[in-house]
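Asker: Coordinates only, no sequence provided:
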């Protein structure tokens, strides 16, 4: 495996409708400095995984006692193209031979400009899209259709307005265990307590704040006890303070069972705070992986950890923004909350 040390050390929501077993009445419309390395594009996915496991020995499968349900996720030279329905042009190639792997119980963030194919990767993992070439595997089973091992949490809560909070969360539990047995009720009660919504269990979506609604969506996604949790910019619509609180909450509830998590985000700081590893996609079309960056910081993490400043500078360098990032005390830092290109 070819590794290259960078020249400087300053630098790196509701389940989808198709993923839930819904009743007919519930149908709705159906997306010091750390060790920085660049991994050669010639390295295989297995080589990359072995290297990152070396950086983070706590991610080894046999050491993760709480993640018995977690499954590895792998994309093997996956390409995806979409037809252009309004013209006779050739199909648009969005992803080109993308290979990546998330180990069981690992949190992997996918970072890249808007429109580069991040959400498409999530939809491929969840079985909501089929690859044009290559294959997607969860555990030892290829993904060929909507996969009930996955739960998806989106940017919008998408709660059913005619159901109260507890009933919305129950949709997730219904997927896996019927929703009427005592264990399901206990699970729902426990999740509502975990997201501090017990007293709002009989409230309806229109009675909730944005942060509360997103907590319901997170609880619903976790109620299915997924092996893989897919997060598509789940906190992007929240204000900065609520977003940070939700990030802490996500880590807390993740630690209960430690499912594998694949997170799509535009927020550099969010990726650093939550992820064990960050995958950066190119802004060109078709997208490819340009870097994989480990975040060797133990949990619980601190938003002010100085290691994050070096990592942030390295990441921003991939988007031509690195020169604008300054450490505390060196003037006003660049706002790095979004790297959206459009």
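Answerer: Yes, it's here. All values derive from a computational prediction rather than experimental measurement.
Asker: Quick one: residues contacting residue 94.
Answerer: Counting by Cβ atoms under 8 Å, 6 or more residues apart in numbering, residue 94 makes contact with 80, 81, 82, 117, 120, 285, 286, 287. Backbone N, C-alpha and C define where each C-beta goes, glycine included.
Asker: Could you tell me how many residues sit around the nearest residue in space to the third one that is not next to it in sequence?
Answerer: To tie it back to what came earlier, the one meant is residue 82. Leaving aside its chain neighbours, residue 82 sits nearest to residue 92 (5.2 Å; criterion: Cβ to Cβ, 6 or more residues apart in numbering). Residue 92 is flanked by 12 other residues according to other Cβ atoms under 10 Å.
Asker: Could you pull up the residues touching residue 92?
Answerer: Residue 92 sits in contact with 81, 82, 83, 84, 285, where contact means Cβ under 8 Å, 6+ apart.
Asker: Let's have the residues you listed in a markdown table, adding distance to residue 294.
Answerer: Written out in a markdown table, the entries for those read as follows (distance: Cβ to Cβ, whole Å):
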| residue | distance to residue 294 |
| --- | --- |
| 81 | 31 |
| 82 | 32 |
| 83 | 38 |
| 84 | 38 |
| 285 | 27 |
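Asker: Let's see which of those residues end up in strands.
Answerer: Those of the contacts of residue 92 mapping onto strands are 81, 82, per DSSP state E.
Asker: Would you list the buried entries among the contacts of residue 92?
Answerer: Buried by 16 or more other Cβ atoms under 10 Å: residue 81, out of the contacts of residue 92.
Asker: Check the contacts of residue 92 against residue 310 and report the nearest one.
Answerer: Checking the contacts of residue 92 against residue 310 with Cβ to Cβ, the nearest one is residue 285 at 30.4 Å.
Asker: Skipping its backbone neighbours, what lies nearest that closest one in space?
Answerer: Residue 285 sits nearest to residue 94 (Cβ to Cβ, 6+ apart), 6.6 Å away.
Asker: And the one you found, what's its pLDDT?
Answerer: Predicted confidence (pLDDT) for residue 94: 92.
Asker: State the distance from it to residue 133.
Answerer: If you measure residue 94 against residue 133 using Cβ to Cβ, to the nearest Å, the figure is 12 Å.
Asker: Show the contacting residues for the residue lying closest to residue 69 once chain neighbours are set aside.
Answerer: Sequence neighbours aside, residue 227 is the residue nearest to residue 69 in space, at 5.1 Å (criterion: Cβ to Cβ, 6+ apart). Going by Cβ under 8 Å, 6+ apart, residue 227 touches 69, 70, 71, 138, 139, 149, 150, 259, 260.
Asker: what about residue 150, neighbour count?
Answerer: 28.
Asker: so it makes contact with residue 230?
Answerer: Yes - in this structure, residue 150 is within contact of residue 230 by Cβ atoms under 8 Å, at 5.7 Å.
Asker: Need the residues touching each of those two.
Answerer: Joint contacts of residue 150 and residue 230 (Cβ under 8 Å, 6+ apart) are 125, 126.
Asker: now the helices for the stretch 51-200 of the chain?
Answerer: Along the stretch 51-200 of the chain, the stretches classed as helices by DSSP state H, counting those that start in this stretch are 118-125, 165-177, 182-194.
Asker: in the second one, what's buried?
Answerer: Residues of helix 165-177 classed as buried by neighbour count (16+ other Cβ under 10 Å): 165, 166, 167, 168, 169, 170, 171, 172, 173, 174, 175, 176.
Asker: Is the residue nearest the centre of the chain part of a helix or strand, or is it coil?
Answerer: Central residue of the chain (Cα atoms, centre = their mean): residue 263, 1.2 Å from the mean position. Following DSSP: H, G, I helix; E, B strand; the rest coil, we place residue 263 in the strand state.
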